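Chemist: Curious how this folds, go ahead:
(2 chains)
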Amino acid sequence: AQSVTQLDSHVSVSEGTPVLLRCNYSSSYSPSLFWYVQHPNKGLQLLLKYTSAATLVKGINGFEAEFKKSETSFHLTKPSAHMSDAAEYFCVVIPDAGNNRKLIWGLGTSLAVNP
Amino acid sequence: DSGVTQTPKHLITATGQRVTLRCSPRSGDLSVYWYQQSLDQGLQFLIQYYNGEERAKGNILERFSAQQFPDLHSELNLSSLELGDSALYFCASSPMDEQYFGPGTRLTVT
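Modeler: So this is what the prediction gives:
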């Protein structure tokens, strides 16, 4: 079955240090992959998306993610964390290339940024 | 601002009641998705509509139903409400694959 796994439910970093949020997926096809962010008491916002173009995708707020087909991963990174990055992050995959473009959501990673 | 609007922002009602949540998608987006988010169950996909037709179903209870109207706005109807239905309900619209989320409706069932 197709799935997406966010390997850490909670990540804590210090302000100014790098952020790594890990996401692995399983898909028989060439997937489309997304990261969404949800700040406390807010709706979800698209951070970035991969849709079979460049494997390194740049998103908003200095985040980027690299699609690694051999590792079936799409980890989210940021060189230097900011306090405002504290939020819940969701990895999403659309595994099917056909008309049934069902989204599969990860369970989320809660990012805490310490001063 | 994503361009997706949801009303009402907050809703407080009693068990056994019925409520309707409304979503207006971004201009031009044909797909609308509904999600439920609660502390114990996380983010759950409920249902998707595309141009008025049901496209995909997730973990939607039989007490819940939705529809998308010709002007593309969508409504989620929740009936025979239970305490466990208290949650944030999001809708999202989509031009293709990426989704744009509304601010959500917070439903409290007492």
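
Chemist: In its sheet, which strands sit next to the worst-scoring helix or strand of chain A on mean pLDDT, and in what direction?
Modeler: The weakest-scoring helix or strand in chain A, judged by mean pLDDT, DSSP states H and E, is strand A:104-105 (a mean of 87). Strand pairing for strand A:104-105, determined by DSSP bridges: strand A:87-94 (antiparallel).

Chemist: Not counting the strand it pairs with itself, show me its contacts.
Modeler: With C-beta atoms under 8 Å, 6 or more residues apart in numbering or on different chains as the test, strand A:87-94 has contacts from A:2, A:4, A:6, A:21, A:23, A:25, A:27, A:31-40, A:44, A:47, A:74, A:76, A:101-106, A:108-111, B:43, B:97. For every residue, glycine as well, the C-beta is placed using N, CA and C.

Chemist: Repeat that for stretch A:53-63.
Modeler: With C-beta under 8 Å, 6+ apart as the test, stretch A:53-63 has contacts from A:19, A:35, A:37, A:45, A:47-50, A:64-68, A:76-80, A:82, A:84-85.

Chemist: How about stretch B:48-64?
Modeler: A:100, A:102, B:30-34, B:36, B:44-47, B:66-70, B:72, B:74, B:76-81.

Chemist: Quick check: mean pLDDT of it?
Modeler: Model confidence over stretch B:48-64, given as mean pLDDT, is 92.

Chemist: What are the buried residues along it?
Modeler: Of all the residues in stretch B:48-64, those buried under the rule 16 or more other C-beta atoms under 10 Å in any protein chain shown are B:48-50, B:55-56, B:58, B:60, B:64.

Chemist: can you pull the contacts of residue 110?
Modeler: If you meant another chain, say so; for now it's chain A. Contacts for A:Ser110 (C-beta under 8 Å, 6+ apart) come out as A:9-11, A:87-89.

Chemist: Chain B was what I was after
Modeler: B:12-15, B:83.

Chemist: Now, those that are in helices?
Modeler: Using DSSP state H, no member of the contacts of B:Thr110 sits in helices.
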